[in-house]
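# When you get a sec, could you give me coordinates for this:
(one chain, ligands or ions: 1)
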Amino acid sequence: MEKVIEIKNLYKSYGEIKAVQDISFQVKKGELFAFLGLNGAGKSTTISIICGQLKKDGGSVSIGGKDPDEYPEATKRALGVVFQSSVLDKPLSVYDNLKTRAALYGIMGEAFEKRLQELAKILDFEALLRRPVGKLSGGQRRRIDIARALLHKPEILILDEPTTGLDPQTRKQVWSVIENLRKKEGMTVFLTTHYMEEAAEADYVVILDNGKIAAEGTPLQLKNAYTGDFITLYGVTEAEVQTLGAAYEKTADGYKISVPDTHAATALILQHPSVFKDYEIVKGKMDDVFLAVTGKALKGGNE
Ligand code: ATP
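Okay, the predicted model is just below:
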C-alpha cells in the first residue's frame, strides 16, 4: 500500500532535552494511525516536524514523497491539522471563520460555498453556520476545527488529541465523524490520543516513550505480544479455581484468571471441563498493552 508519511531515524532536541530520538515509522494511505505516549513523550514535536513548523536535527521525513523542509507549500496542501487547542476566532461566526481560512488557500466565491456545503453535510454543522464560534459547545467547536482543517481537501488529516476534554457522549460523536471521514472520504487519519478504546480501533499503533518508539503494531499484534488473555469464571467456588493452578483474582461475580495466551486458555478449559461451565474469555485491552510497554497508565484510558 502507498506510504503517505515516511519518517526515518528522526532526531530532535531542545538544548539538553532529547525530545525525539531515532524514531522511524510509516503511515499508509487510508489508514487510521494512532500515535500514543504520555505527556512529554515527543508526539507534538513529531507532529510539528511533519507539518514543517519545526526543523528536525537529523533523519528524514517524507510527506507524499516530499520533505517538508524543502517543500513547505506542498506539505501544507497535503495536510490538514487540528491542534490540541482550537485556533478558531471566537467572536466570528462559523461561516466567517471558514471563509477567512479558505481564502488563505485561494478558495473563494462559488468554490468556497460548494466546499462549505460538502463539509457541513459530512460534519453535520449546517445549522451552526451563523453562530459565533465562542457560543458553541465543545463538540460542535471540534467539528468546526476539523472542517477548517479539511477546506483545502488535504490527503492526510492530523488530529492532536481531538477528543481530550470532551464528555463521553461528545467524544463518541466526534469519533463517529472521524470514522465517517475515513470510510466515506477515504481519508488518512493520523491521531494522537489518551483514550485507549480509540487506539484499539486504529489500523496501526505506535507507542512513544521518552522520545523513542517503545512498541508498534496492529492492536491485535500488540495485545498478543504484551498482554495475556483473561478468563472470567462464574458459578464456581474459590477451591475449584485454585485447582486450576493459574493466577486469579476475585471479581464481583466470579474469578478472573490470567493465562499467557488463547492457546493456554483452551488447554486449561480442556483439562478442567467440570470447572468451566459458565465463563467468558477476552484478550488483554490496549490499556494493558500501554501499561506493559511503558510501565505507566495513560490518564483517561479507562473512562
Ligand atoms: P503532550 O502529550 O503533553 O502534548 P508530547 O508527547 O506532545 O506531550 P512534546 O511536546 O513533543 O511531547 O515534548 C517532548 C519533550 O520536549 C518534553 O520533555 C518537553 O518538555 C520538551 N519540549 C517541547 N517543546 C519544547 C520547547 N519549545 N523548548 C524546550 N523543550 C521543549
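# alpha carbons only for contacts and neighbour counts from here, please
Will do.
# any idea of the mean pLDDT for the helix or strand harbouring A267?
Using DSSP states H and E, the element containing A267 is helix 262-271. Averaging pLDDT along helix 262-271 gives 94.
# just stretch 146-157 next, same as before
Stretch 146-157 shows a mean pLDDT of 94.
# can you pull the contacts of L150?
By C-alpha atoms under 8 Å, 6 or more residues apart in numbering, the contact list for L150 reads 80, 119, 157.
# Against K76, how distant is it?
Going from L150 to K76 by C-alpha to C-alpha, to the nearest Å gives 11 Å.
# Spell out the secondary structure type for E197.
Assigned by DSSP: H, G, I helix; E, B strand; the rest coil, the conformation of E197 is helix.
# For L181, which non-adjacent residue is closest in space?
Excluding the flanking residues, the one nearest L181 by C-alpha to C-alpha, 6 or more residues apart in numbering is M187, at 5.9 Å.
# what's the answer for H272, then?
Once flanking residues are discounted, H272 sits nearest to L244: 7.5 Å by C-alpha to C-alpha, 6+ apart.
# what's that neighbour sitting at in phi/psi?
phi -70, psi -20 (degrees, to the nearest 10).
# Check what pLDDT it gets.
pLDDT for L244: 93.
# re earlier: what's the following helix or strand after the helix holding A267?
Per DSSP H and E, the first helix or strand lying C-terminal to helix 262-271 is strand 278-283.
# Would you mark the buried spots in the next helix or strand after that next one?
The helix or strand immediately downstream of strand 278-283 is helix 286-294, counting by DSSP H and E. Buried residues in helix 286-294, counted by 16 or more other C-alpha atoms under 10 Å: 286-290, 293-294.
# wait, which of those residues is closest to the ligand?
The nearest member of the buried residues of helix 286-294 to the ligand, counting by C-alpha to the nearest ligand atom, is T294 at 13.4 Å.
# Can you verify my assumption that that closest one contacts N210?
No. Using C-alpha atoms under 8 Å, T294 is not in contact with N210, being 9.5 Å away.
# gap between the residue nearest to H272 and the ligand?
42 Å (C-alpha to the nearest ligand atom, to the nearest Å).
# count of neighbours near that residue?
Residues near L244, counting by other C-alpha atoms under 10 Å, number 15.
# can I assume it is in contact with L268?
Yes. Using C-alpha under 8 Å, L244 makes contact with L268 at a distance of 7.4 Å.
# now the contacts of L150 in a markdown table, with distance to the ligand?
Below are the contacts of L150 laid out as a markdown table (distance: C-alpha to the nearest ligand atom, whole Å):
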| residue | distance to the ligand |
| --- | --- |
| G80 | 18 |
| L119 | 28 |
| L157 | 17 |
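# from those, which ones fall inside helices?
Counting by DSSP state H, the part of those found in helices is L119.
# Which parts of the stretch 1-150 of the chain are strands?
In the stretch 1-150 of the chain, the segments counted as strands under DSSP state E, counting those that start in this stretch are 3-14, 17-28, 32-36, 58-63, 79-82.
# Mean neighbour count, those strands: which tops it?
Mean neighbours per residue, mean count of other C-alpha atoms under 10 Å, is largest over the strands of the stretch 1-150 of the chain for strand 32-36, with a mean of 25.
# partners of that one in the sheet?
Using DSSP bridges, the strands paired with strand 32-36 are strand 188-192 (parallel), strand 204-209 (parallel).
# what angle do it and helix 286-294 make?
50 degrees (axes from the mean of the first three to the mean of the last three C-alpha atoms, to 10 degrees).
# what are the C-alpha coordinates of strand 32-36, in PDB please?
The C-alpha atoms that make up strand 32-36 are tabulated as PDB, following Å, rounded to 0.1, in the frame of the first residue of the first chain:
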ATOM      1  CA  LEU A  32      -6.200   5.200  10.900                       C
ATOM      2  CA  PHE A  33      -2.800   5.600  12.600                       C
ATOM      3  CA  ALA A  34      -2.600   6.100  16.300                       C
ATOM      4  CA  PHE A  35       0.400   7.800  18.000                       C
ATOM      5  CA  LEU A  36       0.400   7.200  21.700                       C
END
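# Could you check the angle that strand makes with strand 17-28?
Angle of strand 32-36 versus strand 17-28, following the same axes, to 10 degrees, is 160 degrees.
# Much appreciated, bye for now.
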